[in-house]
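# give me coordinates for this.
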Amino acid sequence: MFASQLDELQYEQDQGPCLSALRGGEPIRIDDLAGDDRWRRYAVRALAHGVRSSLSIPLTAQGSPVGAFNLYSRTPGFFGAEQTRLADTFAQNASVAVGIAARFAAHTVLTEQLRTSLASRSVIDQAVGIIMAEQRCSSKEAFAILRAASQNRNLRLREVAANIVIGVSGEPPRPPPFSPPG
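Residues are numbered from 1 along each chain as shown. Next comes the predicted model:
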């Protein structure tokens, strides 16, 4: 709770070592906040919470800044070379984990978009087949009819196609099963 309160002070004032580390991409160590003049408004409030030293290390994912790892101490000069090295190692590992999570999230979104696209394509193809049978026309002509109906009704192509399939089969269209390659 203590660290999150100190971080909130920085967010409220839009200044402080955490935000500077994030924006500048460089670690920021404060040996004694009482003598540091870089962020006075933040320093006054942090000192009131008993903070004397801090260490902020930027976190990156896929080459872009995504946050900062912040450590605070009530002891001046607490973050020496060894503590800074350990914190930097932790921050590097956290950056890798954040990068993996970001790639996984992007992959999940792409997979869902592909599923939706395949489902839409299947319904549209079914509707085109129905129009071809009813109108005795080519697939190109049937698709043009479907597209015109979509534009005239101001509905998505997939919605018009689904309505056609429901009108013929009495059931909502079901997309083909999707299994990702693997």
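# tell me which element residue 66 falls in.
strand 64-73 (DSSP states H and E).
# hmm, who's touching that strand?
By C-beta atoms under 8 Å, 6 or more residues apart in numbering, the residues outside strand 64-73 that reach it are 2-3, 6-7, 17-19, 21-23, 25, 46, 51-60, 79, 83, 87, 90-91, 94-95, 98, 102. Any C-beta I mention is one placed from the backbone N, CA and C, and that applies to glycine too.
# neighbouring strands - and their directions - for it?
strand 53-61 (antiparallel) (DSSP bridges).
# domain ranges for the protein?
Here the domain parsing of the chain from automatic domain parsing is 2-79, 112-169.
# closest to residue 106 out of those?
The closest of the domains of the chain to residue 106 is domain 2-79. By C-beta to C-beta, the value is 9.5 Å.
# rewinding a little: okay if I get the domains of the chain as CSV plus mean pLDDT?
Below are these laid out as CSV (pLDDT from 0 to 100):
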stretch, mean pLDDT
domain 2-79, 90
domain 112-169, 91
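# JSON lines for those domains, including mean neighbour count and distance to residue 106?
What follows is the domains of the chain, written out as JSON lines (neighbours: other C-beta atoms under 10 Å; distance: least, C-beta to C-beta, whole Å):
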{"stretch": "domain 2-79", "mean neighbour count": "17", "distance to residue 106": "9"}
{"stretch": "domain 112-169", "mean neighbour count": "15", "distance to residue 106": "11"}
